[in-house]
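Student: sharing a sequence plus its predicted fold:
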Amino acid sequence: MKRLFISLYLLLSLSVLGIGWTLDSIWQNNVEESGALDAPLIALAQLLAKFPEDQRQFYLQELEQNPDYPIKLIDASQIAMTDQSPLTANSVLITEQDDDHELHFVKVNEQILVAGPIEIDPRKRLRGLFTLFFYLSLAFIALIWVWPLSRDIKTLRNATKEFGQANWDTQISLSSRSQVLPLAITFNEMAQQISTLIENQKHLSNAVSHEIRTPLARLKFALALMPQYCKPDSDEQRRTDFLNDMQQDVKEMENLLQELLTYASLESQRKEVQLEHCDLSVLTKQTVDRLSSTITAPVKFENSDTPVYLMGDPSLIERAIQNLITNAQRFGRQAIQVEIKQAQAQISLSVTDDGQGIPLEDQSKIFEPFYRSQSVQNGNKGHGLGLAIIKRIMERHGGKVTLESREGYTCFTLIWPTPALTQNKSQNKSQIKK
């Protein structure tokens, strides 16, 4: 991480310094040296070139001389020039005489017009220092930008390292101005989902080991007693009841495994639900007719002649309705009411029973997988997956399930968006994926 920070910082700093010095050199060579300050001396040299050589000195003496800017004409042979410093009539050659003075040269045919010694402007000595300070300031600004980025990336690295060490509750907290905040939010969502999946896996393992243990123990005990019930002189009715109990234990394990497989398949988000137009009234009527029993409280459903269409998976919707009605049958006393309502923005289906209410402290947890309320009427205990399956089904349909409960009244409500809203959400998801 330090190497990344240093390399990025050096890259920015050296780039700014290099470009800055290059532009400054170009400016000095092409602008300042051919600037307006050199124009009068060049113009004078061009004027003197029009006079005969013996009259130039006389004309120069007639000019009013500035003590701070002395001018004189000398022969070119008196000055030793290198090939790298050629004299021309259209440019001024500047050389330093000492630390405080400089000379300006312009060629006038075979003579040279010399201006100076001229005192060097003290501010020019500070030019390099000011330039260096300017670019160091730019480098400092780059440091201000790079340092928080490096710090946030280091935070991401530490978080991923902790997550790799099985700390599933790892979360990243960054400033709202951080450049990598979207990456941190994505990491938090991923960590939360993985943590939930792992927690569900733990619950799944515990549920399998705990829930299957009881019917399995009963089956083992029944197998041990089977020789007694299979004797030729044994009571046929007792043998039939004995075998029915064994079949009931097997059925209980099958139901549990089916619930577990259903929830596991809904927990996976890799495959989207295949939505299609389905009539909620027809699905509800079929489910109510199939689950109606003379043993439990009667289920009342007033079917409307007007179809109620929604976008969904018919099998999953029917499963959600079935779980709600089955749950109400276990706890309802006198009657169970099923009602469908259609509004402009949503469609709802409610299942109401008059059984024992759900305690307030359990209502926020009742939809969690494998959670069962401590106050269960008449020993009616399920596996704790029915309501969790309902919640997952509704989430995959873009809807939700709500609960309202008190003593003698419990109402579960399934809420779907209208078909138009559902299609818009699906189209938005597909566009985001593209």
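Tutor: Cool, got the structure. Numbering: from 1, shown residues only.

Student: distance check, the closest residue to residue 204 other than its chain neighbours against residue 42.
Tutor: In space, residue 204 comes closest to residue 260 once its chain neighbours are excluded; the distance is 6.3 Å by Cβ to Cβ, 6 or more residues apart in numbering. No exception for glycine: its C-beta is placed from N, CA and C like everyone else's. Using Cβ to Cβ, to the nearest Å, we find residue 260 at a distance of 96 Å from residue 42.

Student: could you do residue 197 as well?
Tutor: Where residue 42 is concerned, residue 197 sits at a distance of 82 Å (Cβ to Cβ).

Student: compare those two (neighbour count), which wins?
Tutor: Legend: neighbour count by other Cβ atoms under 10 Å for residue 197 and residue 42, higher for residue 42 (18 against 14).

Student: picking up where we left off before, tell me what the host helix or strand of the residue nearest to residue 204 is packed against?
Tutor: According to DSSP states H and E, residue 260 maps onto helix 236-267. Counting contacts by 3 or more Cβ pairs under 8 Å, 6 or more residues apart in numbering; DSSP states H and E, helix 236-267 packs against helix 181-211, helix 213-229, helix 386-396.

Student: mind listing what's buried in the last one?
Tutor: Applying a neighbour-count criterion of 16 or more other Cβ atoms under 10 Å, one finds 386-394, 396 buried in helix 386-396.

Student: got CSV for these, with distance to residue 170 and pLDDT too?
Tutor: Formatted as CSV, the buried residues of helix 386-396 follow (distance: Cβ to Cβ, whole Å; pLDDT from 0 to 100):
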residue, distance to residue 170, pLDDT
386, 32, 85
387, 29, 89
388, 25, 86
389, 29, 88
390, 31, 91
391, 26, 91
392, 25, 88
393, 30, 89
394, 29, 91
396, 27, 86
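
Student: tell me which stretches of the protein form strands.
Tutor: For the chain, strands defined by DSSP state E occupy the ranges 71-75, 93-96, 101-108, 111-119, 276-279, 299-301, 309-312, 336-342, 346-353, 400-406, 409-417.

Student: who wins for proximity to residue 167 among those?
Tutor: Of all these, it is strand 400-406 that lies closest to residue 167, at 31.0 Å by Cβ to Cβ.

Student: how far off centre is that closest one?
Tutor: Centroid separation for strand 400-406 versus its chain: 32 Å, with Cα atoms, centre = their mean, to the nearest Å.

Student: now swap in stretch 56-72 and tell me
Tutor: Chain-centre distance of stretch 56-72: 77 Å, with Cα atoms, centre = their mean.

Student: list the buried residues for it?
Tutor: Applying 16+ other Cβ under 10 Å to stretch 56-72 flags 56, 60, 71 as buried.

Student: the second one reaches residue 72, doesn't it?
Tutor: Yes. With the criterion set as Cβ atoms under 8 Å, residue 60 and residue 72 qualify as a contacting pair; they are 7.3 Å apart.

Student: format the buried residues of stretch 56-72 as CSV; extra columns: pLDDT and distance to residue 116.
Tutor: Listed next are these as CSV, based on pLDDT from 0 to 100; distance: Cβ to Cβ, whole Å:
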residue, pLDDT, distance to residue 116
56, 77, 18
60, 76, 15
71, 79, 9
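
Student: which of these sits closest to residue 77?
Tutor: residue 56 (16.1 Å).

Student: the closest one and residue 45, how far apart?
Tutor: Distance, residue 56 to residue 45, by Cβ to Cβ: 10 Å.

Student: mutual contacts of the two, please.
Tutor: Shared contacts of residue 56 and residue 45 (Cβ atoms under 8 Å, 6 or more residues apart in numbering): residue 108.

Student: per-domain residue ranges of the protein.
Tutor: Domain assignment for the chain by automatic domain parsing gives 33-120, 212-267, 276-433.

Student: adding distance to residue 151, write those out as JSON lines.
Tutor: What follows is the domains of the chain, written out as JSON lines (distance: least, Cβ to Cβ, whole Å):
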{"stretch": "domain 33-120", "distance to residue 151": "46"}
{"stretch": "domain 212-267", "distance to residue 151": "37"}
{"stretch": "domain 276-433", "distance to residue 151": "31"}
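
Student: please name whichever of the ones you listed is nearest to residue 20.
Tutor: domain 33-120 (19.2 Å).

Student: now that closest one, how far from the centre of its chain.
Tutor: Relative to the mean C-alpha coordinate of its chain, domain 33-120 is positioned 69 Å out (Cα atoms, centre = their mean).

Student: what are the phi and psi values for residue 175?
Tutor: phi -70, psi 150 (degrees, to the nearest 10).

Student: closest to residue 145 out of the strands of the chain?
Tutor: That would be strand 93-96 among the strands of the chain, by Cβ to Cβ, at 40.3 Å.

Student: now do the closest one, average pLDDT.
Tutor: Averaged across strand 93-96, the pLDDT comes to 75.

Student: same thing with stretch 257-265?
Tutor: Stretch 257-265 carries an average pLDDT of 77.

Student: can I get the CA coordinates of that stretch in CSV?
Tutor: C-alpha atoms of stretch 257-265 as CSV (Å, rounded to 0.1, in the frame of the first residue of the first chain):
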residue,chain,number,x,y,z
LEU,A,257,-36.7,-31.5,4.2
GLN,A,258,-39.2,-30.1,1.7
GLU,A,259,-39.3,-26.8,3.7
LEU,A,260,-35.6,-26.7,3.8
LEU,A,261,-35.1,-27.3,0.1
THR,A,262,-37.8,-24.7,-0.7
TYR,A,263,-36.2,-22.0,1.5
ALA,A,264,-32.7,-22.8,0.1
SER,A,265,-33.9,-22.5,-3.5
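
Student: show residues contacting it.
Tutor: 204, 207-208, 319, 369, 383, 385-386, 388-389, 392.

Student: now these in CSV, with distance to residue 111?
Tutor: Listed next are these as CSV, based on distance: Cβ to Cβ, whole Å:
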residue, distance to residue 111
204, 103
207, 108
208, 109
319, 108
369, 103
383, 112
385, 108
386, 110
388, 104
389, 106
392, 100
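
Student: closest to residue 193 out of these?
Tutor: residue 392 (13.3 Å).

Student: grab the nearest non-local neighbour of that closest one.
Tutor: Spatially, and ignoring its direct neighbours in sequence, residue 392 is nearest to residue 266 (4.1 Å; Cβ to Cβ, 6+ apart).
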